[in-house]
Structure formats: structure tokens, C-alpha cells
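**Student:** Generate a structure from the sequence data that follows.
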Amino acid sequence: MSPQPADAYADKASFSRATAHLDAPLAVVDLAAFDANAADLVRRSQGKPIRVASKSVRCRALLERVLARDGFAGIMSFTLAESLWLARSGFPDVLLAYPSADRAGFAELAGDPEPAAAVTVMIDDPAQLDLIDAARPAGPGSGEEIRVCLELDTSYRLLGGRVRVGARRSPLRDPEALAALARTVVRRPGFRLVGLMAYEGHVAGVGDEVAGKPMRSRTVRVMQAAARKELAQRRWAAVRAVRQVAPRLEFVNGGGTGSVQHTAAEAAITEIAAGSGLYVPRLFDNFRSFRGRPAALFAQPVVRRPGPGVVTVLGGGYPASGAAGADRLPEPCLPAGLRYDPQEGPGEVQTPLLGAAADGLAVGDKVWFRHAKAGELCERFDRLHLVEGDRVVATVPTYRGEGRTFL
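**Tutor:** Numbering: from 1, shown residues only. Next up, the predicted model:
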């Protein structure tokens, strides 16, 4: 078993040494860890290209860095506005992973051959085609041909559908429903069906070895094994049904950081999606199949010492999206041994931290945290300091730092 992420830092003091000349709050990315994580994703993808999920990176410089590596190809974006911006920034292959209602964005996409050639939009309902057509400057079917991808629902259903495991995403669950929508797309002027996506978040994003919870972990492993088997069969049938309608389908996308090796083993899959595995936030500590190296951290400065065993840092209240719970909170990790005050937790403008390690901290010192999720960290910081060893080798803007806050 590989070491837990808390032990994965080559030198726990290196981040503070590298940023000694910088005031906190700040965020860093350890390039050695980032590159090692990228290499591990490629190893697990078994030769199939990895499409990078931009929502988990949210920094153009780091998207460029990972896409320059062998084994990575294309971006999976999260809004249409972001997709257009990335296409105009020179990224030639952008798959929008979620349906959009951005009429202005669709008008721009249909009116310009540059982004239209690079961006593929997601649909799971004919009404989404109607919305796109209504946004075209000269009416339905006019302008540039819009590249379209269909999404298959991957949730695992039990007891006749009364129990669902997995996200509520596409209404398209069976091969026949996908084929019916595929026929609608290919018959409709102004659209071209090029891809199929099926994201198994209940496997890719749910850890199967949670520390201190052996029964829950075993239950998750049993569920995921059954879910993978069911989905592999249904996904194969869905791809076959869609290819009968659109034989020149360009890609079939699936996976996610936690399921890369399982999804890559399916013959129906042509590419894998992954992004969180580059930064390795704390929600990805709980997988048996891989151990990444925490690459993205943020630091808050100590501004108060209320008493023995207590320090207060500025800010830090950066909860992650999803169902509320302690696992959605940032984790104070360096120095080790700090914990939240249960009466306060991480605060909007200040956060008290408890533990013996507090007595070794002075006002102005940095406390380092890991965010629960990956790219959401970049919504809090306008730049990332890229660290090699104990040096900052570059400082690059996040999406926010470029004035782009898409969601």
C-alpha cells in the first residue's frame, strides 16, 4: 500500500520556505506532484487518451502543461462561455460536459467557424436543440454546424428503480432512448452527432477505503463492483445502438479520476475523463486502487494567538460543493495536528485552530490546507504559485485571475 497523502510530501517545510517572501493567503501547486499524478493517470488509462476536466484545474497554464504530455488530449469544460474562451485561446478540442441555456453563447458558436470547429456541446433532450436553433442569428439550421454529444445516465438502479446510486444527470438511460435522440440529431439540419459520454460519478468520485469506516468501505466496494458490471454491459449496448445511427462517431467518453483503470478496460470506451487526480484534493484520499500526491494547497496566515493550544488564521471558510458534511471542509495539514474548533469550524474571515502544534506558531506564520475538491480552490485565489522543491518557479493566473468566473 502506498503512503497516505499526509506522508507524501517530500519535505513538509518546503512550501513555507518556497513562499517565505510572499504574504498569505496564497495558493501553490507542487509541480513535481502534479507531474507525478499526471503520469499515474496515463499509466492507469492503458493507452487510451485522457480528456482533462477543466473544472478540476481552472488554470490555463496548467491545462497547457498537462496537455503537452503524451497521453492527454482535449478538454472537458463546464460552461459554454468557458468553452468559447478556451477555443479562442487555442485549445482545439473542447467537450462541454453539461447542457447549456446560454443563448448568447450559442449565437456566438453558430456564427463563428473557429469555435464551432473546436467545441462539442452536450445534449440529452430535443428541447436543447430547439434552444440552440432559436439562438442562431438567422434562424434554425443557419450558421455553423454544431457538434453534438449525447449523455447516457450511468446511475445504478435497484429494486425496480426505487433505489438509485449515482448522480441525477441525463434522462437517457437505455440504448433505445439514446438511439432515438441520435436519429433526431442526424436528421436535423445544422447539427452533427460526434460523441457519447457516460460519467460514472458513483464509482469515479466515491472513495472505497474510508479510514476508520471498514463496513462502509466494504459496502461501497460491493456496490461499485456491481455498478461497474451493469454499466459496462449497458454502455456497450448504448454505443452499439448509437453507432448504428451515426457510424462515424468520433469518441465515447467515460470514467473519472477514481475509475480510470476500470473504464479504460471497456472496449466501448475511446477516451477517459479525469482532472481531480492532478491536484489530488482530500476527497481523493480514500481509494484503494491508487494513491496520488497532494499537489494543490493554500496557506492562511496566523493573525491571533487566543491562548495556549489555539491560533487564529485569516479566512479559510472554503467549503466544497456537494452534500454538506465534514468531508467538504478544507483540511489543515501543515503543521500536522491542527483541528477546527467544533463550535466555529472554518470561518468566513477567521478560523480558530486547536492542537499542540498551535504553540509552535507565531503571528505571521503560515498554516497550510488542502481543499476538499480540486478546481474550486481556484475560485478563491487569483493566482497559483508553482513550486519546485523550495522555490517558486512561476506565478500563473487562475481563471479568476484572468477575470473569468464562469459559475
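
**Student:** Flag every buried residue along stretch 297-311.
**Tutor:** Neighbour counts using 16 or more other C-beta atoms under 10 Å place 297-303, 310-311 of stretch 297-311 among the buried residues. All C-beta atoms are positioned from the backbone trio N, CA, C, and that covers glycine.

**Student:** no, scratch that, I was asking about stretch 113-132
**Tutor:** With burial defined by 16+ other C-beta under 10 Å, the residues of stretch 113-132 counted as buried are 115-116, 118-124, 128-129, 131-132.

**Student:** Which ones among the residues you listed lie within helices?
**Tutor:** Among these, the ones falling in helices (DSSP state H) are 115-116, 118, 128-129, 131-132.

**Student:** neighbouring strands for the strand or helix carrying Leu384, and are they parallel or not?
**Tutor:** Assigned by DSSP states H and E, Leu384 belongs to strand 383-388. Applying DSSP bridges, strand 383-388 is found paired with strand 26-30 (parallel), strand 391-397 (antiparallel).

**Student:** most packed of those?
**Tutor:** strand 26-30 (a mean of 23; mean count of other C-beta atoms under 10 Å).

**Student:** Now, the buried residues of stretch 297-311 that are in helices?
**Tutor:** Short answer: the buried residues of stretch 297-311 have none in helices (DSSP H).

**Student:** now for these, which pair is the farthest apart?
**Tutor:** Pairwise distances among the buried residues of stretch 297-311 were taken by C-beta to C-beta; the largest, 22.2 Å, belongs to Leu297 and Val310.

**Student:** and the longest helix along the chain, what other elements does it pack with?
**Tutor:** Of all the elements of type helix in the chain, the one with the most residues (DSSP H) is helix 214-245. Packing partners of helix 214-245 (3 or more C-beta pairs under 8 Å, 6 or more residues apart in numbering; DSSP states H and E): strand 156-158, helix 175-187, strand 191-198, helix 201-204, strand 251-254.

**Student:** mind running it again at 6 Å?
**Tutor:** Helix 214-245 makes packing contacts with helix 175-187 when contacts are defined by 3 or more C-beta pairs under 6 Å, 6 or more residues apart in numbering; DSSP states H and E.

**Student:** Output the helix it packs on in PDB with nothing but the alpha carbons.
**Tutor:** The C-alpha coordinates for helix 175-187 follow below in PDB (Å, rounded to 0.1, in the frame of the first residue of the first chain):
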ATOM      1  CA  PRO A 175     -29.900   2.200 -25.600                       C
ATOM      2  CA  GLU A 176     -33.200   2.700 -27.300                       C
ATOM      3  CA  ALA A 177     -33.600   6.200 -25.900                       C
ATOM      4  CA  LEU A 178     -30.100   7.200 -26.900                       C
ATOM      5  CA  ALA A 179     -30.700   5.900 -30.400                       C
ATOM      6  CA  ALA A 180     -34.000   7.800 -30.700                       C
ATOM      7  CA  LEU A 181     -32.300  11.100 -29.800                       C
ATOM      8  CA  ALA A 182     -29.400  10.200 -32.100                       C
ATOM      9  CA  ARG A 183     -31.800   9.900 -35.000                       C
ATOM     10  CA  THR A 184     -33.300  13.300 -34.100                       C
ATOM     11  CA  VAL A 185     -29.900  14.900 -34.200                       C
ATOM     12  CA  VAL A 186     -28.700  13.300 -37.500                       C
ATOM     13  CA  ARG A 187     -32.000  14.300 -39.300                       C
END
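
**Student:** which strands and helices sit next to it?
**Tutor:** Packing partners of helix 175-187 (3+ C-beta pairs under 6 Å, 6+ apart): strand 146-151, strand 191-198, helix 214-245.

**Student:** Now do the contacts for the most centrally placed residue in the chain.
**Tutor:** Geometric centre of the chain, nearest residue: Ser56, 3.4 Å, by C-alpha atoms, centre = their mean. Ser56 sits next to 275-276, 374-375 when contact means C-beta atoms under 6 Å, 6 or more residues apart in numbering.
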